[in-house]
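**Student:** structure for this input, please:
(one chain, ligands or ions: 1)
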Amino acid sequence: MRKTVCWRKVCLILPVDWRVKEEIKNHIVTTRKKTRQIMVGNVPVGGDAPIAVQSMTTTKTDDVAATVAQILQLEQAGCEIIRVAVPDMAAAEAVRAIKKSIHIPLIVDIHFDHRLALASAAAGADGLRINPGNIGSKKNVSAVVDCARDLGLPIRIGVNAGSLEKRILKKHEGVTAAAMVESALGHVKLLTDLDFQNIKISLKASDVPRTIEAYELLSSTVDYPLHVGVTEAGGLYAGIVKSALGIGSLLMAGIGDTIRVSLTRDPVEEIRVGYEILKSLGIRIHGPEIISCPTCGRCDINLFNIAERVEKALLNTSAPIKVAIMGCVVNGPGEAREADVGIAGGDGKGILFKKGKIVKSFAQDKLVDVLLEAVASFEQAYERKLKKDVK
Ligand code: SF4
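**Tutor:** Modelled structure (predicted):
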């Protein structure tokens, strides 16, 4: 376990844009488990690299226009690695056209048919998610490994609690964390027997305790980078809670090199939740952090509506600004004194405050406008500073 890592050195050698560079520069992680580093396209995963946020498309992969449109939306939200399902040759061939229009590494998700892996790799995929134990003969495994080695592609072994081998289920008397780890290690061995180490592993169950136990056990056994998530986590509320607890607990324990929040929703929500988890733990900085009070009997403005409007308006803001939206002018500035900018309102008046100090008062109906103006000028100053730093 290492104690503290400064990302400044890492950012000097990575092909990252200046926004990410600033993010990495500010990024301090404590007690993260040391893993090997692999490259998924131009994104490093594991070792000292920032914990990458990824998602999976929900479109039919062979519908190139729809898939590209969704990936571009995900990029805008901050997605760093995207995975697409490749159930047939049409999807594998679509990878070539998709790659031409996107800017982040693309991983192909393949089950059982090694020819789809070979075709997708030839079409330009940046990584393969395939379980070598499920693709037939040693000859098939060997063909995929040779192809991945030649093209420098990592292979993610993805074990799901729902699809463990019968032999392992019998031995462990059910789907236990140890059974999941044994399954993953079996797949790993097929690759390492062929001297292939460019590996990433995930172990997903749909319940939090088993997911955590399985990753903890795996992390104490191997040093391959780990892709962390809770699978089939559910709709918005259940999914967010399970992901925050599962992914969050593992990250707090120093486990996890890339995360995927799994929601039965637009995948853009997965990216937003992923960053909220990382931001809450102080692991990565990504866009604004909104602080808003729950309101109480002192509040006489419609704070729920104001908070919703501000949240929507700031969805694509990149500056790491702390924004407060508070329900009363008496306690609001003090309760949110850590905020870079904040508003509070009541009695027909609105106030703008910075770091707890009131800087302006105005008519209450201008609350949202004034706050958004203050955020915009913070963002402009932030971008000017970054450009200057990068020069
Ligand atoms: S800021 Fe004011 S309205 Fe909001 S919870 Fe505190 S006292 Fe209540």
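**Student:** ok, residue 272 touching residue 77?
**Tutor:** Yes: here residue 272 reaches residue 77: they are 6.2 Å apart, a contact under Cβ atoms under 8 Å. C-betas here are computed from N, CA, C, even on glycine.
**Student:** now the helices: where do they sit in the stretch 151-300 of the chain?
**Tutor:** With DSSP state H, counting those that start in this stretch as the criterion, the stretch 151-300 of the chain has helices at 166-172, 177-192, 208-219, 236-252, 267-280.
**Student:** near the ligand, which residues of the stretch 151-300 of the chain?
**Tutor:** The stretch 151-300 of the chain comes close to the ligand at residues 293, 294, 295, 296, 298, 299, as judged by Cβ under 6 Å from any ligand atom.
**Student:** burial count for the second one?
**Tutor:** As a burial measure, the neighbour count of residue 294 was computed by other Cβ atoms under 10 Å and equals 8.
**Student:** likewise for the fourth one?
**Tutor:** Residue 296 is surrounded by 9 other residues when neighbours are defined as other Cβ under 10 Å.
**Student:** so residue 39, which state does it fall into?
**Tutor:** Under DSSP: H, G, I helix; E, B strand; the rest coil, residue 39 falls in the strand class.
**Student:** what's across from it in the sheet?
**Tutor:** Judged by DSSP bridges, the bridge partners of residue 39 are residue 44.
**Student:** that one reaches residue 47, doesn't it?
**Tutor:** No: at 10.4 Å, residue 39 does not count as touching residue 47 under the criterion of Cβ under 8 Å.
**Student:** and residue 83, which helix or strand is it part of?
**Tutor:** For residue 83, the host element (DSSP states H and E) is strand 81-85.
**Student:** mind listing what's buried in the one helix or strand residue 373 maps to?
**Tutor:** For residue 373, the host element (DSSP H and E) is helix 367-390. For helix 367-390, a neighbour-count test (16 or more other Cβ atoms under 10 Å) marks 367, 368, 370, 371, 372, 374, 375, 378, 379, 382, 386 as buried.
**Student:** over to stretch 252-272?
**Tutor:** By neighbour count, with 16+ other Cβ under 10 Å as the criterion, the buried positions of stretch 252-272 are 253-263, 265, 267-272.
**Student:** just stretch 83-99 next, same as before
**Tutor:** So, applying 16+ other Cβ under 10 Å, buried residues of stretch 83-99: 83, 84, 85, 86, 87, 91, 92, 93, 94, 95, 98, 99.
**Student:** check stretch 162-172 too.
**Tutor:** For stretch 162-172, the neighbour count (16+ other Cβ under 10 Å) marks 164, 165, 168, 172 as buried.
**Student:** tell me the residue furthest from the middle of the chain?
**Tutor:** For the chain, the largest distance from the centre (Cα atoms, centre = their mean) belongs to residue 347, which lies 42.1 Å off.
**Student:** and the residue nearest the centre of this structure?
**Tutor:** Nearest to the centroid of the C-alpha atoms of the chain, with distances taken as Cα atoms, centre = their mean, sits residue 53, at 2.1 Å.
**Student:** in contact with it, which residues?
**Tutor:** Listed by Cβ atoms under 8 Å, 6 or more residues apart in numbering, the contact partners of residue 53 are 78, 79, 80, 81, 258, 259, 260, 271, 274, 275, 278.
**Student:** skipping its backbone neighbours, what lies nearest it in space?
**Tutor:** Excluding the flanking residues, the one nearest residue 53 by Cβ to Cβ, 6 or more residues apart in numbering is residue 274, at 4.2 Å.
**Student:** so which residues of the stretch 1-150 of the chain form strands?
**Tutor:** 4-6, 28-30, 38-40, 43-45, 52-56, 81-85, 106-109, 127-129 (DSSP state E, counting those that start in this stretch).
**Student:** how far does the last one sit from the chain's center?
**Tutor:** Computed by Cα atoms, centre = their mean, to the nearest Å, the separation of strand 127-129 from the middle of its chain amounts to 17 Å.
**Student:** partners of it in the sheet?
**Tutor:** Strand 127-129 is paired, per DSSP bridges, with strand 106-109 (parallel), strand 155-160 (parallel).
**Student:** CA-only coordinates of the strand holding residue 83 in CSV, if you can.
**Tutor:** Provided in CSV are the C-alpha atoms of strand 81-85 (Å, rounded to 0.1, in the frame of the first residue of the first chain):
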residue,chain,number,x,y,z
ILE,A,81,-13.4,4.4,-22.0
ILE,A,82,-16.4,3.0,-23.8
ARG,A,83,-17.5,-0.6,-24.2
VAL,A,84,-19.8,-1.8,-26.9
ALA,A,85,-21.5,-5.2,-27.2
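**Student:** which parts of the stretch 1-150 of the chain are helices?
**Tutor:** 8-13, 18-25, 64-77, 89-101, 114-122, 138-151.
**Student:** most tightly surrounded among these?
**Tutor:** Greatest average neighbour count among those goes to helix 114-122 (a mean of 21), per mean count of other Cβ atoms under 10 Å.
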